[in-house]
Each structure stands twice: as structure tokens, then as C-alpha cells.
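Undergrad: Got a predicted structure plus its sequence, pasted below:
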Amino acid sequence: MSVVALERLTYSYPGAPAPALDDVTLRVEEGELVVLAGRSGSGKSTLLRLAGGLVPHVHGGTVRGSAVVAGMDVRSHGPGELAAVAGSLFQDPETQVVMGTVRNELAFPLENRGESPAAIARGVEEAALALGIAHLLERPTHALSGGELQRVALAAALVGRPRIVLLDEPTSQLDPVAGDELIGLLRRLNEEWGTTILLAEHRLERCLTAADRVVAMADGRVVCDADPSSFLAWAHDAAPALETPGARLLASVGLGPAPVGVKQARAVLRSHGALPEADGSGPALLRAGPVAGKSSRERGREKSFPAPPARSASQVALRLRGVWVEPRGAPAILRGVDLSIAAGERVALMGRNGAGKSTLLRHVAGLASPSRGRIERSGRVALLLQNPNDYLVHERVSDEAPADALAAVGLTGFADRHPRDLSGGERQRLALAIVLGGEDVEPPALLCLDEPTRGMDRAHKADLAVLLGRLAATGTALLVATHDPEFAALVADRVVLLADGAPIADGAAADVLAGGWYFATETARILRGAGGALDPDAGAALVRAQLAGAAAPAAPPAAASASHPHPTEVPRR
Amino acid sequence: MPRRSPLHAVRALVGCLLCAVLALPALLFDSPLVLGAVCVSALAVGAAAGAARPLLRAALLALPFALVIALLNPLVTRNGLTVIARLGEAPVLGQVDVTLEALVYGCVLGLRALALILCCALYAAVVDPDEVLRLFRRVSFRSALTATLATRMVPVLQRDGRRMADAQRCRPGAPPSRVALVRAVAAGALDRAVDVSAALEVRGYGTARRPPRVRAPWSRHDVAFAAVTLALAGCTLAARFAGVASFDAYPLVRGDWGAAPWALAGALVLAPLLPFLDRRGIGR
């Protein structure tokens, strides 16, 4: 029996010129794990909100066609009734937690259903144990980190044992470790509890291995409904922006089938003799360093970024000396951070949720002062915070930023629009224009960005990377805090890995991102870091060279790695 | 809410009643001694419960408000016999003569406002809002829903406000006008309210049934604070009916400054602190 059954469903938001869902026919069967793929604005979130009853009961609008969830017609049953069969988890955990403590938060849905105190106590304990948050039960919800909040919100969605769980980009605010843990958890719930899962996600490489089916959407329509491997084959031709890095890597060298995950990609490469065996035998090339005198990062960048201006070591945009941030009555957030960034250098700041990335950026930008240590800046520091909406206070785009700044971010044609009518990616660019300022403002020596790709699809990330590359080419240094290794690989020369308030690795992107497991791109994981290849194009070049039997001479360290030839292990304090 | 102190460990009903009974003398008495005792009592209980910081913050915020009341009263009232300043004719107000009695009564009103704000701050710091919500959901479901939404919005909007302030500090050049900021904050608050209400809906709050009564045994702290609350309520009402701590500002300042008002003030300050002596069983 179908848990979700949509039949020729068309939905329009109030006043919207075009339908958000257009003639959608879709069935999700009991126990399936279905991934919703698609670019921003394709209708994924609307579909999830419809299945949870928020559309049309909270958002209004007009519905045509039929929508039945667990036997209930969505048009006649509101979200309160559907909550008994459908648990929902959205992107922003802060607005989903409605009670003061974790225990109360988990008890809340059961109380609303009128369960007995004993049933509530048991349900809370079981949900907390299943999601590994039993130690958080007495904690106030306002004191939880983003990752913890997301787990608590998921536990609250699951505590009533719903037949279906609806998740809208639940990993967008999580670090790679927490994101992988969440996907693993969903898989376990799906397999052991038989819970049906409908998951919208941009980082498909993270969740396709767990999926039974992928439903791709575009302009409110279902454009592909297939198993993950068939979906990837379809995406290669019809929607390259939805292709995973692993699939693109193999497709680029003409190997198939499209791999759903790292394991499958390796198996395909191994079967063609293009991957080192676990015992170390196999093609020498992939065990060697960078090929043909250039790292994969260098070759990848040549396609999209102009070359950065020549700079000397004396052109330092930022220097941190022994910076400590010790809030009163709380553990230290930054512990003696030493960091130096040269003019025009592109640095990605990575680490788990709560590692201190955002705090570091706030201090670098001068929004707060460190407890100890010194921060030296060679000029103005511009900071783009996580939520671009926080910058938007005017009624017209042209009032928010000067014309030349709008032109620099490609928003000239939007000058008369209302800022809140822009898409997520456009708002991000507008916020960037605001912090950069116009020609009458001193250009920033350093641009800091805090999680700029949160909730962004792959195409928008690529656009942003190109924009940032252009800025860096003018001599502005970049410091980008991100959880997304693919974006870090795309945008950074150098990666600093932060843990517990201190850098634990600092080196060239090709070294840091190819050498890790969680903080590594899918290409690097497939190739086990061979050749420092981080992106599919660079990886494909390596594999193609190997397949052609053209062994290349070992090369000196790449230019991008010159200042940081190997990751620097920083002693913990 | 973490159970940091015996007061945090009591049931919401007892916590609410204690705060209400502490505020009761501020409503029933004009005596500066009693009003001062209420302020001291709220601060002392907050300190004993480990919530001195939020109470001091509330006091700092309330002081200018109390000062405005104290200074405004002599300008708008014509009562009192002891004129201490003649300010002449003023538009709307007419002849303004400042009297000592009106100034004293202004101080009494300011002190009362301060005492009430401190009691409210104590309530916010020590009583679990989730428990209060459960308490009132059995009585009035819709009111509890509204209160929940409002309660949840406060910390969410506080965080939004902080982020927005940071974002505006990141703008180069002149900051945006206050009108633009207020408009943006209002728009953001509406967006947030929709998000929070959607979260409440998908947790089934919109169709919630009346929650079952939970019969939890009374703890030693419940009993101790309930006893103190009852004793304070009894003392306060008895003193009021007996005319203890009487105070009149008009036409001349006259007050009862004998032993009884001092005893009442002492009871108001010391009695709520007694249950804090027993800290057993406050953890969970």
C-alpha cells in the first residue's frame, strides 16, 4: 500500500504566477527510502510540506488533483492530524524546537496525542536511545549545538513512531561527520523500524547509497523516478548539476555503470585495473604524487578562475597570534590560534559543528575581541554571515548596495526588485555586494564567509566559487568556513582544519582534503587521495592517464602547495 | 530547565505561587519598607537559586523606568501640602507646583514597579515554562497555545536580533536608518512566527487533546516552598487587614515605622530563603 499517493497534483502558492507543483503523480510505498533531488526552487520542499499537511493548510494556495498520505486526504486533514502518521524535519533546527528542555521536546508530540504518562516516558527514553541523545535529555534546548538540535528535532519527529518521515535538507547545517551519522541513522530506522523516508537533499553523494529510489524534480514536475544508478545515468545527460562527483568521474573516463557510492566506484575502477589494490599493488600512477607537474587543484582552477596576482610572503592580509576566546563560566572556544593568510590567498576553514569556525570569523572581522592574543589586519575585513537575510533591510535591491557592487556580483538587472523576492542564491550574492561595498569604500583586504553554501544546490555553489575566484584574483584574501569538502576543494588553495578551538591541520587543499575520510571530497575518497585529485575532472585525468598506460614522471610539489607542501600537524594545547 | 537549586526542583505550580505571593505585598502595601523588602527578597531568592545575573540585569533595565515614574508623578499630581518647587505655568499641565508628598509617592510607585518587575524576572529565571504550559493547557488550551508561541518566539527573536545587529555592523559605510531596521526586524519576526507555528503544527499541537493529569508525588522541596508560600501569604494578608505598615503620602507623608512593619519586612526577606538550606535531591 502506498504511504504517499499523489495523482495529477498541481499546487500554487497564493499570488504565485506559476505552480510550485505541476501535475505531479508520485507513489511512495511502505518501507521505501526515497531521495528527492533537484535544484533550488524545483518543488522539493513544497512536496514535503504538502505531505506533512502544511500545504495548503498553513501556507494557503490552491490545490488540484489528489494527495493522500497514509490513507488521509491532505486537503481535508491538516498537519495536526497528519502528525500522527508523518514526522517532519526541516532545514533550520532552531525554529523546530518548541520546548525548553530536550525531554520536554520529545514528550511534546506524545502529549499532544493524549498518550498516558507511562507511554510518554517510555517513548521519550526509546527515541533518545535510538538517536544517541539520552545524555542530552535534561539539557536546555537553547544550549544545544546545531548538530545536537537537528538530532533532537529528528527524535521529536520519530518519537510517535510515524509511518513516514519527511526530511527537508536535514544535513545542510551539519558537519560531514554529523551528516553521515544522520544518513546512517535514517538508513537504520528504515531497515529496522520499517519507517518510510522521503528525504530532500542537495548533497546527493551523501545519501544515494542509502536510497531505494530517487525522484528528480524540475520546475515543480517529476522529471525522473528511478533507482539511484539509473538516476545517475539519466542525470549525466539531462541534469549534470545533479550528478554526483563519483558518477562524473567515471562518466568522464567512459566507465560504467554510474556508481552510487564510493565502494561501487572503486569496484568499477578496480575491475578496469585503474585503482590500487588494498595490498598496495596496482597502477603506480595512482599511488604517486601529482602528475604532469601540476596538481589536480591547479588544473581544475585553470578552467574557472583567473590566476591570482603574484604576491610576496610579506603581503599578509591577516595574522593571528595566540588568540584565545574564553567566555566567562564556559569552556574556551578558541585556544591559542596562530594563523597567517597572505593577500589573495584562498583558505577554507573546516571542522565539526562547535569547533570554533564562526567564532574565529567573528573575531577576525572585529565583531568581538579575543580574551588573549593579537589579531593584525592589513586592511578592511568584510564578513558574510550565514544567513543573507540578516543583511536585507531595504525595499529595493538598489538601496541595499551601490550599482558597482551589484554589477560585481552580477545583480545589475535586479536593481528594482524587492530583496526578499530574490532566490536564495541571489540573496547570497546581494549580501556579498553589501559587505563588499562600492567604489567609494576601501576594498576588503580579507573576505570572510561563514557557511556560504548552506542549502545551496551544486550549480549555485559553482557560480559562487567562480565569483569568489574573481575577487581573490584582485588580491582580496578569502577565508571561507564551510562543512562542504566539495566546495572547499573548488574554492580554496589551502585548508585549515579546526578542532576544539585550535587548528589541527593546515596545508594545501590537495593534501588536507585528499588525506582525510570525513573531510575529503568524494573523488579523493574514491581514489584514496591519489595524486591529490579532489574534483572529478582532475580524478578523471589521473584515471585516463593510467588507463592509457601513459605513466607520467613524478612531479615537484604543485605551486598551490608551495607554501604548505604537507599538512602541518599542529600540537594540541 | 536544569535543576540547579531547590527552587528549580519544585513543581511549576509552587514556583508560580511563590513568585505571586512575593509580588502580593507590592500590590497591597504602599510602605517603602515593605516594597524595599520585596525587592531585596526577590534578589535574594534569585541569588540563592543561582539566578542573580538575570535578576540584576532586570533591575538595571527597570531602574530608569522606575526613575521616570518617580519624576513624572510630582509633575502631574496636584496633591500634597509641602511645596518644594514652583515651576510656573506649563502647557497642558497648567500651574506646576512640585510637592514633597507627590515626590515621595512617585518614589513609592517607582519602587512598586521595580518590585513587580523583579518578581516577574524571578519567575522567568526559576520556573520551567514547559511545566507552566502543561499546567495551563488543562485549563485553557488556546491561551496556552498562544503563550507557547510567544514564549518560543522570545529566544528565537533574541538570536535573530543579535545576528541582524552583527550583520549591520558588517556593512561598510553609513548604517541603515532606524525605520528600515525596524521594518526588517518586523518582517523577520513574522517569518519566524510562521516557522515556529509550522513546527508546532507538525508536532500535532493544533489537534492536541487535553493532556492527562500527571500525579507526581510531592517532593521535600515542593512541601518546603509550599509551606513558605502559604506562611507568607498568611502574614501578608493578616498584616494588611491589621493595618500593619500603613503608609499615606497625602496630604502629608505619614507611615508606620514600628516593630511590626520591620518584622513583616524581615519575614518577606528571610522566609523564602529557608528552603534553600536543604539541597538534597535537586539533581535528576
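TA: That came through, no problem.
Undergrad: what about the strands in the stretch 201-350 of chain A?
TA: A:213-218, A:221-226, A:316-325, A:334-342, A:346-351 (DSSP state E, counting those that start in this stretch).
Undergrad: Can you say which of the ones you listed is nearest to A:Leu154?
TA: The closest of the strands of the stretch 201-350 of chain A to A:Leu154 is strand A:213-218. By Cβ to Cβ, the value is 21.2 Å. Placement of C-beta: from N, CA and C, glycine included.
Undergrad: Walk me through which strands the closest one pairs with, and which way each runs.
TA: Using DSSP bridges, the strands paired with strand A:213-218 are strand A:33-37 (parallel), strand A:221-226 (antiparallel).
Undergrad: quick one on the thing from earlier: could you dump the strands of the stretch 201-350 of chain A into CSV with mean pLDDT added?
TA: What follows is the strands of the stretch 201-350 of chain A, written out as CSV (pLDDT from 0 to 100):
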stretch, mean pLDDT
strand A:213-218, 96
strand A:221-226, 96
strand A:316-325, 95
strand A:334-342, 95
strand A:346-351, 95
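Undergrad: interface residues of the stretch 51-200 of chain B facing chain A?
TA: Contact residues, the stretch 51-200 of chain B versus chain A (Cβ under 8 Å from any Cβ of the partner chain): B:128-130, B:134, B:148, B:152, B:155-156, B:159-160, B:163-164, B:166-173, B:176, B:180-181, B:183-184, B:187-188, B:192, B:194-200.
Undergrad: Run a quick neighbour tally on A:Met99.
TA: By the criterion of other Cβ atoms under 10 Å in any protein chain shown, A:Met99 has 24 neighbours.
Undergrad: Point out where the chain drops to low pLDDT.
TA: No chain specified, so I'll use chain A. Along chain A, the parts satisfying pLDDT under 70 run over A:276-314, A:550-573.
Undergrad: please go with chain B instead
TA: For chain B (pLDDT under 70), the answer is B:1-3, B:141-142, B:145, B:148-149, B:151-152, B:208, B:211-212, B:283-284.
Undergrad: and with 80 instead?
TA: Within chain B, the stretches with pLDDT under 80 are B:1-4, B:92-93, B:133-134, B:136-159, B:192, B:206-215, B:281-284.
Undergrad: any idea how far the closest residue to chain B within the stretch 201-350 of chain A lies from B:Val45?
TA: Closest contact between the stretch 201-350 of chain A and chain B, by Cβ to the nearest Cβ, is at A:Gly329 (9.4 Å). For A:Gly329, the distance to B:Val45 equals 21 Å [Cβ to Cβ, to the nearest Å].
Undergrad: Can you pick out the residue with more neighbours from those two?
TA: Higher neighbour count among A:Gly329 and B:Val45: B:Val45, with 26 against 6, using other Cβ under 10 Å.
Undergrad: so who does that one touch?
TA: By Cβ atoms under 8 Å, 6 or more residues apart in numbering or on different chains, the contact set of B:Val45 is B:Leu7, B:Leu18, B:Leu22, B:Leu122, B:Val126, B:Pro272, B:Leu273.
Undergrad: if we can go back for a sec, among the residues of the stretch 51-200 of chain B next to chain A, name the buried ones.
TA: B:128-130, B:134, B:148, B:152, B:156, B:160, B:163-164, B:166-168, B:170-172, B:176, B:180, B:184, B:188, B:192, B:195-200 (16 or more other Cβ atoms under 10 Å in any protein chain shown).
Undergrad: Among these, name the ones in strands.
TA: In strands, defined here by DSSP state E, there are no members of these.
Undergrad: So which of those are in helices?
TA: Those of these mapping onto helices are B:129-130, B:134, B:148, B:152, B:156, B:160, B:163-164, B:166-168, B:180, B:184, B:188, B:192, B:195-200, per DSSP state H.
Undergrad: Quick check: can you list the domain ranges of the chain?
TA: In the absence of a named chain, chain A is used. Domain segmentation of chain A under automatic domain parsing yields A:2-242, A:316-380+A:442-569.
Undergrad: wrong one, I was asking about chain B
TA: Following automatic domain parsing, chain B resolves into domains at B:1-138+B:218-284, B:140-209.
Undergrad: and A:Arg64, which of these is closest to it?
TA: domain B:140-209 (22.9 Å).
Undergrad: For the longest helix along chain A, name the packing helices and strands.
TA: Looking across chain A with DSSP H, the single longest helix is helix A:458-473. Where contact means 3 or more Cβ pairs under 8 Å, 6 or more residues apart in numbering or on different chains; DSSP states H and E, helix A:458-473 is packed against helix A:296-304, strand A:346-351, helix A:424-436, strand A:446-450, strand A:477-481, helix A:485-491.
Undergrad: got JSON lines for the ones you listed, with distance to B:Trp257 and mean neighbour count too?
TA: Formatted as JSON lines, the helices and strands packed on helix A:458-473 follow (distance: least, Cβ to Cβ, whole Å; neighbours: other Cβ atoms under 10 Å in any protein chain shown):
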{"stretch": "helix A:296-304", "distance to B:Trp257": "83", "mean neighbour count": "20"}
{"stretch": "strand A:346-351", "distance to B:Trp257": "64", "mean neighbour count": "27"}
{"stretch": "helix A:424-436", "distance to B:Trp257": "62", "mean neighbour count": "23"}
{"stretch": "strand A:446-450", "distance to B:Trp257": "61", "mean neighbour count": "25"}
{"stretch": "strand A:477-481", "distance to B:Trp257": "63", "mean neighbour count": "26"}
{"stretch": "helix A:485-491", "distance to B:Trp257": "73", "mean neighbour count": "28"}
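Undergrad: Of all these, which one comes closest to A:Leu131?
TA: Among the helices and strands packed on helix A:458-473, the nearest to A:Leu131 by Cβ to Cβ is strand A:346-351 (22.9 Å).
Undergrad: closest one to A:Thr10 among the helices and strands packed on helix A:458-473?
TA: Across those, closest to A:Thr10 is helix A:424-436 (Cβ to Cβ), at 23.7 Å.
Undergrad: Next one: the closest one, is it in contact with chain B?
TA: Yes. Using Cβ under 8 Å from any Cβ, we find that helix A:424-436 touches chain B at A:Ala431, A:Ile434, A:Val435, A:Leu436.
Undergrad: so that helix versus strand A:446-450, what angle?
TA: Angle, helix A:424-436 to strand A:446-450, by axes from the mean of the first three to the mean of the last three Cα atoms, to 10 degrees: 140 degrees.
Undergrad: excluding its backbone neighbours, what's nearest residue 39?
TA: With no chain named, the answer covers chain A. Leaving aside its chain neighbours, A:Arg39 sits nearest to A:Asp457 (4.6 Å; criterion: Cβ to Cβ, 6 or more residues apart in numbering or on different chains).
Undergrad: Oops, wrong one, chain B.
TA: Per Cβ to Cβ, 6+ apart, closest to B:Cys39 is B:Ala115, 5.0 Å.
Undergrad: Out of the strands paired with strand A:213-218, which one sits most buried?
TA: strand A:33-37 (a mean of 24; mean count of other Cβ atoms under 10 Å in any protein chain shown).
Undergrad: what does that strand rub up against?
TA: Contacts to strand A:33-37, defined as Cβ under 8 Å, 6+ apart, come from residues A:28, A:44, A:47-48, A:186-187, A:190, A:196-201, A:204, A:207-208, A:210-217, A:228, A:231, A:235, A:242.
Undergrad: can I get the CA coordinates of that strand in CSV?
TA: C-alpha atoms of strand A:33-37 as CSV (Å, rounded to 0.1, in the frame of the first residue of the first chain):
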residue,chain,number,x,y,z
LEU,A,33,13.7,5.4,1.4
VAL,A,34,13.2,7.9,-1.4
VAL,A,35,15.5,10.8,-2.1
LEU,A,36,14.1,13.9,-3.7
ALA,A,37,16.7,15.6,-5.9
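Undergrad: tell me the contacts of A:Leu158?
TA: Per Cβ under 8 Å, 6+ apart, neighbours of A:Leu158: A:Gly87, A:Ala127, A:Ala130, A:Leu131, A:Val165, A:Leu189, A:Thr195.
Undergrad: Of these, which is the most crowded?
TA: Busiest of the contacts of A:Leu158 [other Cβ under 10 Å] is A:Gly87, holding 29 neighbours.
Undergrad: Identify the residues contacting it.
TA: A:Gly87 neighbours (Cβ under 8 Å, 6+ apart): A:Ala156, A:Ala157, A:Leu158, A:Gly160, A:Pro162, A:Ile164, A:Val165, A:Leu166, B:Val202.
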